[in-house]
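J.: Turn this into a model:
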Amino acid sequence: MSAPHVEPIRRPGLDFEGARGKLNRRIRDAVGLTQDPPPMCMDPAAAYTPVDGVARLVHGDLATMIVGGLGSLFLQMLHPHAMAGVAQHSRYQNDPLGRLLQTANFIGHTTYGTSTQAYLDIERVLSVHEGVRGVADDGVAYYANDPHLLAWVHACEISMFLDAYRRYGRVRLSPRELDQYVAEMAKLARDMGAENPPGTLAELRGQIDAFRPELRLSADGEEARRFVADGFVQGRLQRWAHRLFVRCAVGLMPDWARRQLGFRHSALVHRLVVVPAGHVACALVRAFVPPTSRATPAT
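T.: Residues are numbered from 1 along each chain as shown. Model (predicted):
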């Protein structure tokens, strides 16, 4: 006679991988990433950006991209013509997470996708921009595909993405890698039609300074600043994290930009409180949403 079958005793325990997966999903959902990331192209001949480049390292860290993305939004608000286009043609207040998803998909395809995917996304964005025209509060006409405005948006984005990674990222970038990142992103700027994209970090800083006479906080910009700074995410923990990331982003900006945006800033509080808290928050995000590693080209 065979021995009777006995069900094994199942002891209660913690499903760490399951919990990690749920938190990964919750973090991604909180910032609008409701779709899976695009597949990563590892063929150097087919990829839009270098498969072992700095852009893939910087853009693969969700935590620092959140900080840099917020900083980029605040900087962009200071150009009244760029802000007028957003205020008059965008649904950012009605569907902020949907807009973030569109931006994330564009960054993902142009960073990790094939040239074919990237050019399709670039053409789509330029096509949408064709209809973004109007008159700003100073009576001057604006056009979203204006090479000058595209240069401003590009400079805001890459400067803040890079500065956020330099302060809160997990890999220290050399001066050569800083210039390499700017040079890698110049290709995207040229394909978008931006005016004189910078090729080095020094050129990037110079380009932002050259825009300063054009910058001011318009009424549309002030409304957008309040909306983004006050937070549009749901849940107590998410709102606390959002406000911390806002303070981290504000700390990355030049003093003149903070003053124009009306942000209060204490260098001492930022150094002793905000930066350490930002490092902890970024580490927690990385624990559940691991960043991409520097890739090795396919052989």
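J.: Now the one helix or strand residue 116 maps to: buried residues?
T.: Per DSSP states H and E: residue 116 is located in helix 115-130. Of the residues in helix 115-130, 117, 118, 121, 122, 125, 129 count as buried by neighbour count, 16 or more other CB atoms under 10 Å. Placement of C-beta: from N, CA and C, glycine included.
J.: Where do the helices of the stretch 51-200 of the chain begin and end?
T.: 54-59, 62-76, 80-89, 96-112, 115-130, 147-168, 175-192 (DSSP state H, counting those that start in this stretch).
J.: least reliable of those going by mean pLDDT?
T.: Mean pLDDT across the helices of the stretch 51-200 of the chain is lowest at helix 96-112; the value there is a mean of 86.
J.: Restrict it to CA atoms and write it as PDB.
T.: Taking Å, rounded to 0.1, in the frame of the first residue of the first chain, the C-alpha atoms of helix 96-112 are listed here in PDB:
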ATOM      1  CA  PRO A  96      -1.300  66.000 -16.100                       C
ATOM      2  CA  LEU A  97      -0.400  62.300 -15.800                       C
ATOM      3  CA  GLY A  98      -1.500  61.800 -19.400                       C
ATOM      4  CA  ARG A  99       0.800  64.500 -20.500                       C
ATOM      5  CA  LEU A 100       3.700  63.000 -18.400                       C
ATOM      6  CA  LEU A 101       3.100  59.700 -20.100                       C
ATOM      7  CA  GLN A 102       3.400  61.300 -23.600                       C
ATOM      8  CA  THR A 103       6.600  62.900 -22.600                       C
ATOM      9  CA  ALA A 104       8.000  59.700 -21.000                       C
ATOM     10  CA  ASN A 105       7.200  57.700 -24.200                       C
ATOM     11  CA  PHE A 106       8.900  60.300 -26.300                       C
ATOM     12  CA  ILE A 107      12.000  60.200 -24.100                       C
ATOM     13  CA  GLY A 108      11.900  56.400 -24.000                       C
ATOM     14  CA  HIS A 109      11.700  56.000 -27.800                       C
ATOM     15  CA  THR A 110      14.400  58.600 -28.600                       C
ATOM     16  CA  THR A 111      16.700  57.200 -25.900                       C
ATOM     17  CA  TYR A 112      16.300  53.500 -26.100                       C
END
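J.: Which neighbouring elements make contact with that helix?
T.: helix 54-59, helix 62-76, helix 115-130 (3 or more CB pairs under 8 Å, 6 or more residues apart in numbering; DSSP states H and E).
J.: For those, please prepare CSV with the additional fields distance to residue 276.
T.: Conversion of the helices and strands packed on helix 96-112 to CSV gives the following (distance: least, CB to CB, whole Å):
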stretch, distance to residue 276
helix 54-59, 22
helix 62-76, 14
helix 115-130, 37
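J.: Quick one: closest of these to residue 137.
T.: Nearest to residue 137, of all the helices and strands packed on helix 96-112, is helix 62-76, at 16.1 Å by CB to CB.
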